[in-house]
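S.K.: Only the shape, not the letters, is given here:
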């Protein structure tokens with residue numbers, strides 16, 4: 001396995017710290033237990049697209065685990081894993097987008113949102129609740145509602161805020177074809 005570059009290791013550290021800060025201070029409670037409108041996944045999607053699946057997985061895993069440990073005293077591993085898998089999946093698909101080259105048009109935004117919506121619903125509405133039942137013996141009626149609500153809210157958050165962040169980031173990159181010799 002190729003070792004991680006210093007740039008990616010630093011991105012993991014900074015990304016995990018930002019994940020914790022956003023989850024602690026920029027999440028809006030929904031009124032349903034342990035379910036918030038989170039800005040963290042929009043940020044995680046941006047980092048995963050920029051740095052790839054290993055960084056996306058690591059930021060999601062470390063950031064969520066640290067936040068759970070600080071807030072509750074122990075991580076809720078089923079949801080930590082799903083945060084990590086969200087970063088992994090978005091990072092994997094990042095190679096099909098050219099945000100680092102300054103390109104993120106409306107077609108890219110549509111494809112990105114299709115990918116993130118499917119990923120959010122599979123992870124939060126199916127994987128996380130199923131693991132909650134298997135690992136923690138949680139009641140199915142509670143965790144599937146939590147998961148469906150989380151999948152919906154995260155899809156909206158990533159769809160709006162994530163698309164804006166990615167578009168803004170791409171706009172800061174210089175396109176290779178932007179300079180012409182006179």
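M.R.: Good, I have the coordinates. Just so we're clear, the structure is a prediction, and the values are computed from it rather than from any experiment.
S.K.: buried residues in stretch 19-36?
M.R.: 19, 20, 22, 23, 26, 27, 35, 36 (16 or more other CB atoms under 10 Å). (Each C-beta comes from the backbone N, C-alpha and C, glycine too.)
S.K.: out of everything not next to it in sequence, what's closest to residue 87?
M.R.: Computed as CB to CB, 6 or more residues apart in numbering, the closest residue to residue 87 that is not its neighbour in sequence is residue 56, at 3.0 Å.
S.K.: hang on, isn't that neighbour packed against residue 85?
M.R.: No - using CB atoms under 8 Å, residue 56 is not in contact with residue 85, being 9.3 Å away.
S.K.: which one of these two has more residues nearby?
M.R.: Of the pair residue 56 and residue 85, residue 56 is the one with more neighbours under other CB atoms under 10 Å, namely 32 against 19.
S.K.: mind listing what that one touches?
M.R.: By CB atoms under 8 Å, 6 or more residues apart in numbering, the contact set of residue 56 is 44, 47, 48, 86, 87, 88, 89, 90, 91, 94.
S.K.: hmm, try it at 10 Å
M.R.: Listed by CB atoms under 10 Å, 6 or more residues apart in numbering, the contact set of residue 56 reads 11-12, 15, 44-50, 83-94.
S.K.: and if you look at residue 57?
M.R.: Residue 57 makes contacts with 12, 44, 48, 81, 83-92, as judged by CB under 10 Å, 6+ apart.
S.K.: Out of those residues, which sit inside strands?
M.R.: Among the contacts of residue 57, no residue falls in strands (DSSP state E).
S.K.: Give me the buried positions along stretch 147-159.
M.R.: Of all the residues in stretch 147-159, those buried under the rule 16+ other CB under 10 Å are 147, 148, 149, 150, 151, 152, 153, 154, 155, 157, 158, 159.
S.K.: hang on, the third one packs against residue 35?
M.R.: Spelled out, that is residue 149. Yes - contact criterion CB atoms under 10 Å: residue 149 and residue 35 qualify, at 5.2 Å.
S.K.: intersection of neighbour lists for these two?
M.R.: What both residue 149 and residue 35 touch, as defined by CB under 10 Å, 6+ apart, is the set residue 124.
S.K.: give me the low-pLDDT residue ranges for the chain?
M.R.: Along the chain, the model assigns pLDDT under 70 to residues 1-2, 176-182.
S.K.: Tell me which stretches of it form helices.
M.R.: Counting by DSSP state H, the chain has these helices, from start to end: 6-25, 40-51, 53-72, 77-93, 106-120, 128-136, 140-157, 163-172.
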